[in-house]
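*Asks:* Sequence first, then the predicted structure, then my questions.
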Amino acid sequence: MAEELPGTDVAADTAAGDAFPVAGQPLLRIEGVAKTFGTFRAVDGVSLDIKAGEFFALLGPSGCGKTTLLRMLAGFEAPDEGRILLGGKDIAQALPHERPINMMFQNYALFPHLSVRDNIAFGLKRAGMARADIATRVAEMVALVKLEGLEKRKPDQLSGGQRQRVALARALARRPQLLLLDEPLAALDKKLRESTQGELMELQRRLGMTFVIVTHDQEEAMTMASRIGVMKAGKLAQVAGPRELYEAPRSRWIAEFVGDVNLFDAESRLRDGHRLVIGTRDAGTLVVAEPREPVGAGKLSVAIRPEKVKLSRRGPVSEAGRETAINRLDGVIADICYLGGTTTYKVKLDTGGIVQASVANSARLDVDAYSVNQNVVAWFTPDDCMVLPS
Ligand SMILES: Nc1ncnc2c1ncn2[C@@H]1O[C@H](COP(=O)(O)OP(=O)(O)OP(=O)(O)O)[C@@H](O)[C@H]1O
């Protein structure tokens, strides 16, 4: 059996142990990768570089091709087109276990008849590591994911959170250069998911490893990842850091997918120096700052995040250092939704549309500042508006 073979040292754990990136080169380069099932193009020409030490998230709605892309990185699917380079080397021909890459599956894929210890040791035994080295490594992994005392249990004697840790320990045991995680927290409840997010981030930093996580949960991607690739229908729609994705989405679709947003269709537009004056049916005329990327001739939307919309009884209040608001929308409070940290007010505008304003509940004894049917002014600055292609 594999246990009887001479042990391998840590550096030789992974078959392509020489795949470390050359300085300035990405650890992983995905070049024009495509995958078609029958006539359906699940992944459609994706190109992406991932640097060593990054925590990268692939985010997108169900069926957009995230898992298929991840499975191609792991070697469980072969691309029909394009190349995947790890440390500058094409890994297309390498089998999954020959790649210095490991994948943690959504359902954890633990062996039900094996103990925690044996589940973690499985890949090490198969790689031919010496028995004593396996014992040391398993103990290290058990401590890393805080499973001490549970080594002899079988998966069905563990909680969901504990099973997740076993799967993580098993995926990390061979010290891969790249760890792929497919919806690793989907089976956990909200509280456990949040604490596990923090633990995963801490672990990734401590190990200095490169993580690529797949998720359809935008909050999860924004919390954990330093960069996010948003996928839509097999293509990468935008690759950016969390702040840029939220504050400067490249399209209306991305603005809606990542967070809450007020959207108004543009019906006319005029340039006024470094501003655009945009006529909308639902919110009247809006003055917006010139977008960073020039907008084409096609249909446009104006998008404003709810927390950028201010409310007052009389009108805009000037804030120190900020331009006095130019966009002023009169309306009446139609609905109030108390969410703990914030309250969302839905304002029915005199122009016909609805605008949502999210207000922080910054003092404990605050009461709702406005009541239903009260007249208010909703206001925001030109810089708070995003002009997006529809
Ligand atoms: N082996 C396969 N044969 C046929 N179609 C497939 C196969 N694997 C995936 N697909 C299809 O390819 C598309 C992308 O699937 P994929 O699992 O990559 O999506 P996803 O973004 O990970 O979705 P989810 O978040 O629901 O897991 C889906 O429409 C799916 O039905």
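*Replies:* The structure has been received and is ready for your questions.
*Asks:* Which helix or strand in this structure has the lowest average pLDDT?
*Replies:* helix 190-207 (a mean of 86; mean pLDDT, DSSP states H and E).
*Asks:* Give me the buried positions along it.
*Replies:* For helix 190-207, the neighbour count (16 or more other CB atoms under 10 Å) marks 193, 196-197, 200-201, 203-204 as buried. Any C-beta I mention is one placed from the backbone N, CA and C, and that applies to glycine too.
*Asks:* One more: stretch 85-94?
*Replies:* Quick answer for stretch 85-94 (16+ other CB under 10 Å): 85-87, 91, 94.
*Asks:* now stretch 217-227
*Replies:* 218, 220-225, 227.
*Asks:* Tell me the one of those residues nearest Gly284?
*Replies:* Gln218 (30.3 Å; CB to CB).
*Asks:* mind listing what the closest one touches?
*Replies:* 59, 257-259 (CB atoms under 8 Å, 6 or more residues apart in numbering).
*Asks:* rerun that using 6 Å as the cut-off
*Replies:* For Gln218, the contacting residues are Val258, by CB atoms under 6 Å, 6 or more residues apart in numbering.
*Asks:* what does the model give it for pLDDT?
*Replies:* At Gln218, the model reports a pLDDT of 92.
*Asks:* how near is it to Ile333?
*Replies:* Distance of Gln218 to Ile333, given as CB to CB, to the nearest Å: 28 Å.
*Asks:* Check Leu185 too.
*Replies:* 37 Å.
*Asks:* Gly45 is in contact with Ile30, correct?
*Replies:* No: using CB atoms under 6 Å, Ile30 is not in contact with Gly45, being 10.2 Å away.
*Asks:* Mind checking which of those two has more residues around it?
*Replies:* Ile30 (22 against 14; other CB atoms under 10 Å).
*Asks:* how about the more buried one, secondary structure?
*Replies:* strand (DSSP: H, G, I helix; E, B strand; the rest coil).
*Asks:* got a pLDDT number for the nearest residue in space to it that is not next to it in sequence?
*Replies:* Distance criterion CB to CB, 6 or more residues apart in numbering; nearest residue to Ile30, sequence neighbours excluded, is Leu48 at 4.5 Å. For Leu48, the pLDDT comes out at 97.
*Asks:* Am I right that Leu48 is in a strand?
*Replies:* Yes: under three-state DSSP, Leu48 sits within a strand.
*Asks:* Kindly provide the distance from it to Val116.
*Replies:* Following CB to CB, the distance that separates Leu48 from Val116 is 35 Å.
*Asks:* How about Asn262?
*Replies:* Counting by CB to CB, the gap from Asn262 to Val116 is 49 Å.
*Asks:* what about these two, which has more around it?
*Replies:* It is Val116, of Asn262 and Val116, that has more neighbours when counted by other CB under 10 Å, with 28 against 24.
*Asks:* what does the stretch 51-200 of the chain put close to the ligand?
*Replies:* 60, 62-68 (CB under 6 Å from any ligand atom).
*Asks:* Of those residues, which is the nearest to Phe211?
*Replies:* Using CB to CB, these come closest to Phe211 at Lys66, 14.4 Å.
*Asks:* Show the contacting residues for that closest one.
*Replies:* So Lys66 contacts 58, 60, 214, 231 (CB under 6 Å, 6+ apart).
*Asks:* if we go to 10 Å?
*Replies:* Lys66 makes contact with 42-43, 57-60, 182-183, 213-216, 229-231, 234, according to CB atoms under 10 Å, 6 or more residues apart in numbering.
*Asks:* wait, which of the residues you listed is closest to the ligand?
*Replies:* Ala42 (3.4 Å; CB to the nearest ligand atom).
*Asks:* Go ahead and confirm the closest one touches Gly60.
*Replies:* No: the pair Ala42 and Gly60 fails to qualify as a contact (CB atoms under 10 Å) at a distance of 11.8 Å.
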